[in-house]
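Asks: could you work out the structure for the sequence below:
(chains A, B, C and D, ligands or ions: 4)
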Amino acid sequence: MANKTILQAINEALDQTMENDENIIVYGEDVGYEGGVFRTTAGLQQKYGEERVFDTPIAEAAIVGSAVGMAVNGLKPVVEMQFSGFSLPAYNQIVTHVARFRNRSRGKYHLPMVIRMPYGGGVKALEHHSESLETLYAHIPGLKLVIPSTPYDAKGLMIAAINDPDPVVFMEPKRIYRAFKQEVPDEMYEVPIGKARVVKKGNDITIIAWGALVREVEKALEITPEVDAEVIDLRTISPIDYETIINSVKKTGRVLIVHEAVKSFGPGAEIISIINEKAFLYLEAAPRRLTGFDITVPLPKGEPYFIIEPKQIANEVKNIMAFKA
Amino acid sequence: MANKTILQAINEALDQTMENDENIIVYGEDVGYEGGVFRTTAGLQQKYGEERVFDTPIAEAAIVGSAVGMAVNGLKPVVEMQFSGFSLPAYNQIVTHVARFRNRSRGKYHLPMVIRMPYGGGVKALEHHSESLETLYAHIPGLKLVIPSTPYDAKGLMIAAINDPDPVVFMEPKRIYRAFKQEVPDEMYEVPIGKARVVKKGNDITIIAWGALVREVEKALEITPEVDAEVIDLRTISPIDYETIINSVKKTGRVLIVHEAVKSFGPGAEIISIINEKAFLYLEAAPRRLTGFDITVPLPKGEPYFIIEPKQIANEVKNIMAFKA
Amino acid sequence: MLFDNYDPLKEQMLQILDHNGKIVNDKLEPNIKKETLIKMYETMILGRTSDEKALQFQRQGRMLTYAPNIGQEAAQVGPMAALEPQDWLVLAFREFNAMLYKGVTLEQAFLYWYGNERGSKYDDDVKVLPINVPIGSQINHAAGVAYASKLKKLDEVSIVFIGDGGTSHGEFHEGMNFAATFELPMITVIQNNHYAISTPRRKATKAKTLAQKAIAYGIPGIQVDGNDPLAMYLVVKEARERAIKGLGPTLIEAVTYRIGPHTTSDNPKLYREDSEVEEWIKKDPIIRFKKYLIDKKIWTEKKDEELHEKTKKFVLDTFKHVEESGNVELEEIFNYTYEKMTPNLIEQMNNYKDYLAKEGENNGE
Amino acid sequence: MLFDNYDPLKEQMLQILDHNGKIVNDKLEPNIKKETLIKMYETMILGRTSDEKALQFQRQGRMLTYAPNIGQEAAQVGPMAALEPQDWLVLAFREFNAMLYKGVTLEQAFLYWYGNERGSKYDDDVKVLPINVPIGSQINHAAGVAYASKLKKLDEVSIVFIGDGGTSHGEFHEGMNFAATFELPMITVIQNNHYAISTPRRKATKAKTLAQKAIAYGIPGIQVDGNDPLAMYLVVKEARERAIKGLGPTLIEAVTYRIGPHTTSDNPKLYREDSEVEEWIKKDPIIRFKKYLIDKKIWTEKKDEELHEKTKKFVLDTFKHVEESGNVELEEIFNYTYEKMTPNLIEQMNNYKDYLAKEGENNGE
Ligand SMILES: Cc1ncc(C[n+]2csc(CCOP(=O)(O)OP(=O)(O)O)c2C)c(N)n1
Ligand SMILES: Cc1ncc(C[n+]2csc(CCOP(=O)(O)OP(=O)(O)O)c2C)c(N)n1
Ligand SMILES: [Mg+2]
Ligand SMILES: [Mg+2]
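Replies: Ligands and ions are numbered 1, 2, ... in the order given. Reported below is the predicted structural model:
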């Protein structure tokens, strides 16, 4: 047991699984020699050699497409997209192949692979370095989409993702890569994919978030002590854990979804729709979304408007609590 | 005025706008000499020459990316993705550039361009030829997404798209390219982008659909004469016309959304969420979606299960009408 | 070394067996085992017959879209004969003959074009990746397969096919460069059949040859008469040797021609002259190969007739069998999205089953 | 013709002015107007000074991420000087000097890296496309710009920059092939600065030169000493002539070196030896160009001192001005998504304004 950041937790998950299974290989742009621009893969090349941990040409379709071939031929590739905004050149491979090889071959081939990508804003970055593109992956059948919000989950979910027989897109909330530490067990363990985490139990309202926003929700609740909120960290965006959501909503009757992805046709919409389908009669207020605006994430001098702050969450919580049917 | 199919209506829209404005150019894979695999662009090269209507190498990123450059330099490109499933290699260009040039340059540059793509299933096609990928485009700020369901709208919306100062993704429901004819005015006219069409007025339930599914909804209503449904053809998926939707739902209190795109994180979810946000207290039943399953569109011998038939729509309508709050 | 002697920049093209079935380069005539030669020929006849029948079936409304290979048999069978059983075949979509040679059954091959995913579930020991429709993307898969072979120090290579049109795609570039950079045991065969649907090869790139694209990756590239099974065999044999030695990938441009339509939905008369097609019919790979085999006393006209007869029957019987397979089961379309069906998918399937129980079969309209 | 005389396959590299400031190829010394030479030099000094100051500001926490160009000035200014005012510049992201030469103001250039989109709103008559972060994708934009120039029969060309790392991207391939196929008036300059972040050039491709990638597109490719402003000038001059004549694009590999870090978030000591950097510092383009100008009696040490003085002041003043610009207005982030704000965007903005009115400023935490 030691205190670790999310970054360290992911690094440890990669290290321990690689130690355990020589079929796991790790590669991407700058992930090898220097250990990644965020240093998430630091030390791995030194330990496992250049054949298992390596730098690639700048060619995202090749990174993902080659992983498809490797997985078919017995490896378990864990590849990195340097930023989620740069996963788009690989989008064709991900949608047309990664998500479909099992179905296309009726199970003859399946792809145990992980596509890691730092995501989200709030780090004062250049364009394409701040996107939250959950929807693009959650909407595609055959993919799983996982996002940790704590060091403990980061390690356990990464190990689960690597062990998963299906391909997993693993988005890492870069804003909190190093933001805080948490006790993380030394040994390997899995946090199950497809299960949300109830961060805090409560009876008044269900607040659903993931990634960096979970902490912001917690901060918001500090300034709204009058509200007894239940907080759900979704952890797996797809396939979504509707049981946990629905059970909570049946209890609270009120819902707020908080995400940084742009609003329209975004991930929150699916959650609201599921709640409508499965708990409509329990709703005491219109479910609401607090999300990124429907714009391109602004450059740093405009980004503060875009970033969701705890006060905004608190404000929405109060609005929903005030809703009278 | 003459009877025309959707295909002919689109061809006419291209022809007339090209005649009118020499800056409009049309290109893509096989669109030039042979006039497209569906023959949507037939005759245009013969009339406007190889410089304005041409075949490209198989390189979707180049097709879209070059259109960005052309639009910056004064042209109005109308490009074709042979099937929407093959727009994915261009997805990086579309998301990172087409959608963003105006914002990136704070209005110095804008991109009056149209990206055409046949979409949807039901034509017994190979893999990647049957997708409904609305969400991937509707979720991206800066794009407009238009889908006609009739020859009249096809011509008017295409002309509006070409004249629009913003980039428009224009999905063409290939299943009904030639399915029926309609009187189409000979002259040029616009059907406004951003406005849904009320296909049929009614008081019991609001049914929202677009593209090939609009006709299926109409067929479904023939077998449920007891229900007085209001049918909305969305026509523009983004930016969505929530006024028309909300006005209708306030009247009917019941909602069914029908689309072929896969369900989870799909376009219907946004519509339900908007209704929750703006007409929650008017809802008399849980809004529902009848959609493609969360799977890859099956090859022809499994596709019939995937295709939504009028009886299914009728069945859902009855379920929603039976819902008691 | 073959690849040094044929310089694509000088437009030198390797040919061993000319279109009259004459050996024009006897120093290079490969020493192929008799059984292999016969398997090559039989596969070509099976491929050709299947193509012809499939086109017929389609006209009769019994087959869906189908992409025939007529004229391209040697470009596929030559390479496959030069490989070893442990090697991998990574497909584009116009490699019917290569698939058959490598052990995909005719039934599977037909079933795919008949519209059933089971047609891509090849037998366990058949190291073939499913047909790959998104142009160019298969190159990256082949590179990955080859990376694994290299990492695990296995004595195996990957061969990957692509069309002339496909070489313009970004995925071709990325995959070739990836394979070259890591010196992977991969062999890329471009079937330059002169057309990408309606778009002629000359409109796809200003490069005089497609083989010279190899230079961009620092690897050998060679132009070969793709209708010459011996030349195709030889060049892949050498490419395999390089690959196994750790010298990396090779790019082979097989110059051939698509005698038939792009697919059954295509009308080539819209975009090319009959005279052009006739010129290429004269270069038919099967005719020249048969002459060669007869000259070598490996084959006779009588055997040929028997083979044609037998093959026709086999193709008809197999197709009949495929036709009888009907639609897939409902479970089938849900079962393979993930290893285990998610609660969401189970629900969707069950709801639909309930609907069907109530309303009867869905015919997709 | 220059491009025939320097064959990248033979690793012939064009150099006119060596790193000592000596003309090593006097037959090729271009006849550049005095004012142009001075503008070139002044731009290089402005670029260098800006880079140095920006790195300082960043260390002081006054600047965000910044990608310095130190060492690459000649590779940018040489080409720009060879072009005409009506030509287009299509950027990657490490062309600070090229931007300045072409009329982007220092204030705009800084404002962008300071995190304000206004920095990409260049003056109306400045034919420069915004900084393009997704690697490789700008090549396709340049091809499109050039297509329009050609269609409209305008006497203008596009120049597009890309890094060594960028040449591995699929978009590079597609854009180069598109431009070559349609014989577009485009000039591609690869700034081969030997690194893509931490990844050395040799790990990006097995091709011995990047210039030889031109062969894949059937166009000329040439390797040039990228730290030699005269060679860069000459080669672009000739490429422009070809382009204007309708002969299509040219691929130019400028061999140079990134003296500084990839960006201010990068620590190059992690992946390269100081000794390597020192070798390249000796090849500094500015030192050799200054010697050349002084030898030509166009420049003096005194003028040089004055220029440095003046430039420093200008850079400091400009940056101060940029610093004072603060955050953007709220409307600004909504206004440019579409020509007209959609009802949805108006609503989102107004809701947020209401929130701000109630709760005060949002600091993004
Ligand atoms: C990425 C992508 N874009 C477009 C298509 C549609 N398409 C199918 S086959 C084809 C032409 C392929 O030409 P070529 O590579 O020469 O192969 P051939 O058909 O001649 O065997 C096209 C454009 C596709 N399958 N994938
Ligand atoms: C498509 C894409 N993938 C990844 C990145 C992240 N990235 C930014 S710069 C860079 C390296 C670029 O190297 P090179 O092309 O040599 O240009 P240089 O930085 O040396 O000027 C990378 C990988 C990106 N911007 N775009
Ligand atoms: Mg072809
Ligand atoms: Mg570089």
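
Asks: for the nearest residue to residue C:96 once chain neighbours are set aside, helix, strand, or coil?
Replies: Distances taken as CB to CB, 6 or more residues apart in numbering or on different chains place residue C:69 nearest to residue C:96, at 4.7 Å, with adjacent residues excluded. Every residue, glycine included, has its C-beta placed from N, CA and C. At residue C:69 the chain is in coil, as set by DSSP: H, G, I helix; E, B strand; the rest coil.

Asks: against residue A:232, how distant is residue C:69?
Replies: Distance of residue C:69 to residue A:232, computed by CB to CB, to the nearest Å: 55 Å.

Asks: got it, and residue A:264?
Replies: 23 Å.

Asks: ditto for residue C:75
Replies: Residue C:75 sits 57 Å away from residue A:232, going by CB to CB.

Asks: more neighbours: which of the two?
Replies: residue C:75 (34 against 27; other CB atoms under 10 Å in any protein chain shown).

Asks: right, and the more buried one touches residue C:191 too?
Replies: Yes: between residue C:75 and residue C:191 there is a contact under CB atoms under 8 Å: 5.1 Å.

Asks: host element of the residue in the stretch 101-250 of chain A positioned nearest to ligand 4?
Replies: Closest residue of the stretch 101-250 of chain A to ligand 4, CB to the ion: residue A:126 (16.5 Å). Residue A:126 is part of no helix or strand when elements are defined by DSSP states H and E.

Asks: let me see the contact set for it.
Replies: Contacts for residue A:126 (CB atoms under 8 Å, 6 or more residues apart in numbering or on different chains) come out as A:299, D:65, D:133.

Asks: so which of the residues you listed is the most crowded?
Replies: For those, neighbours tallied by other CB under 10 Å; top is residue A:299, 27 neighbours.

Asks: what's the closest non-adjacent residue to it?
Replies: If the residues on either side of it in the chain are set aside, residue A:299 comes closest to residue D:115, at 4.4 Å by CB to CB, 6+ apart.

Asks: the one you found against residue A:300, yeah?
Replies: Yes: at 3.1 Å, residue D:115 counts as touching residue A:300 under the criterion of CB under 8 Å.

Asks: for the two, list the residues in contact with both.
Replies: Joint contacts of residue D:115 and residue A:300 (CB under 8 Å, 6+ apart) are A:124, D:64.

Asks: pull the number of nearby residues for residue 225.
Replies: As the question left the chain open, I've gone with chain A. Neighbours of residue A:225 (other CB under 10 Å): 7.

Asks: nope, chain C
Replies: Residue C:225: 27 neighbours (other CB under 10 Å).

Asks: same check, this time on residue A:83
Replies: Counted with other CB under 10 Å, residues neighbouring residue A:83 total 22.

Asks: how far away is the closest residue to chain D within the stretch 151-300 of chain C from residue C:326?
Replies: As assessed by CB to the nearest CB, chain D sits closest to residue C:170 within the stretch 151-300 of chain C, at 2.2 Å. Separation of residue C:170 from residue C:326 (CB to CB): 40 Å.

Asks: what's the answer for residue A:190, then?
Replies: Applying CB to CB, the value for residue A:190 to residue C:326 is 42 Å.

Asks: got it, and residue A:20?
Replies: Per CB to CB, residue A:20 is found 46 Å from residue C:326.

Asks: same thing with residue C:58?
Replies: 18 Å.

Asks: of these two, who's got more company?
Replies: Neighbour count, other CB under 10 Å: between residue C:58 and residue C:326, residue C:58 has more, with 18 against 9.

Asks: how much space between that one and residue A:287?
Replies: 51 Å.

Asks: can you show me the CA trace of stretch C:44-53 as PDB?
Replies: Extracted in PDB, the C-alpha atoms of stretch C:44-53 (Å, rounded to 0.1, in the frame of the first residue of the first chain):
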ATOM      1  CA  MET C  44      -7.400 -21.000 -60.500                       C
ATOM      2  CA  ILE C  45     -10.000 -23.100 -62.200                       C
ATOM      3  CA  LEU C  46     -12.100 -23.200 -59.100                       C
ATOM      4  CA  GLY C  47     -11.800 -19.400 -58.700                       C
ATOM      5  CA  ARG C  48     -12.700 -18.800 -62.300                       C
ATOM      6  CA  THR C  49     -15.600 -21.100 -62.300                       C
ATOM      7  CA  SER C  50     -16.900 -19.700 -59.000                       C
ATOM      8  CA  ASP C  51     -16.700 -16.200 -60.400                       C
ATOM      9  CA  GLU C  52     -18.500 -17.100 -63.600                       C
ATOM     10  CA  LYS C  53     -21.200 -19.000 -61.700                       C
END
